[in-house]
Structure formats: structure tokens, C-alpha cells
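J.: Sequence unavailable; structure follows:
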Ligand SMILES: [Zn+2]
């Protein structure tokens, strides 16, 4: 998924942090969000952020679709229907709540173990 800097067109572009959704040009320092991504790119970002490298199988399982369907989306042969995005969003929200609770628990643990 090669991208170019919208400012200087350099291909030396890296995310500022994994799954941050923000890319930075290594030439000119320009930063931009991947808000103007295609369905395919967004699906891949979401999948990797949620499930890591095995995301396609996990996404198929979570959505109750055949793995070939996810592969069709990933390769751009088909785009997900709007209901799929609704489902993915719900799954993402759940993950966010779970992570928020776990992070809060970690904070508490660290407070307890502070000298
Ligand atoms: Zn640039």
C-alpha cells in the first residue's frame, strides 16, 4: 500500500505510530490523516488494528461471512456493503470499551505499587 506525500510527492512516508491513522512524510515532515482512504485501505487498517496479521480470518469470523468475501474486499474486487461498516464500527467500539477498562485497571495497579 504505497503512499506519496501530498505536499512533496515523496514516497518516503511512514505512520507516526502503528495504526495511528496519521502518516508523516520523511522528506518534508508533512503530516496527514488517512481520512481520504479507499474502502479497501480502510478495511485493511481496521483489520490490522483489530486483529493483527491474521485479521482476514478473524474479520470473516466476526462478521459471519466467508473468508473469500473478506479476500474480495481486500483485493478490491468488491466493496463492503454499508451494513458491514456498521458492524465493524460496533466491533471497534466494543474493543475500545474493553481496552479502556483494561487500561484503567493497569493505572490502578500502578498506583497501588507506587512507592
Ligand atoms: Zn513531503
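T.: All right, it came through fine. Being a predicted model, the structure only gives us computed values, none of them experimental.

J.: need the contact list for the nearest residue to residue 28 once chain neighbours are set aside.
T.: Nearest-residue entry for residue 28: residue 8, 4.5 Å, with adjacent residues in sequence omitted and distances by Cβ to Cβ, 6 or more residues apart in numbering. Heads up, the C-betas are built off the backbone N, CA and C, glycines and all. Neighbour list for residue 8: 25, 27, 28, 30 [criterion: Cβ atoms under 8 Å, 6 or more residues apart in numbering].

J.: ok, and which of these reach the ion?
T.: 25, 27, 28, 30 (Cβ under 5 Å from the ion).

J.: quick revisit: what distance do you get for the residue nearest to residue 28 to residue 23?
T.: 13 Å (Cβ to Cβ, to the nearest Å).

J.: With residue 107 instead?
T.: Distance from residue 107 to residue 23, by Cβ to Cβ: 30 Å.

J.: more crowded one of these two?
T.: residue 23 (18 against 10; other Cβ atoms under 10 Å).

J.: ok so, going back, cross the contacts of residue 8 against strands and list the overlap.
T.: When strands are assigned by DSSP state E, the members of these inside them are residue 25.

J.: Please indicate which of the contacts of residue 8 are buried?
T.: residue 25 (16 or more other Cβ atoms under 10 Å).

J.: Now render the contacts of residue 8 as TSV, adding distance to residue 3 and pLDDT.
T.: Listed next are those as TSV, based on distance: Cβ to Cβ, whole Å; pLDDT from 0 to 100:
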residue	distance to residue 3	pLDDT
25	9	90
27	13	93
28	14	90
30	12	81
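
J.: Please identify which pair of the contacts of residue 8 lies farthest apart.
T.: Greatest spacing in the contacts of residue 8, by Cβ to Cβ: 27 and 30 (8.3 Å).

J.: Find residues that contact each of those two.
T.: With Cβ under 8 Å, 6+ apart, residue 27 and residue 30 have common neighbours 5, 8.
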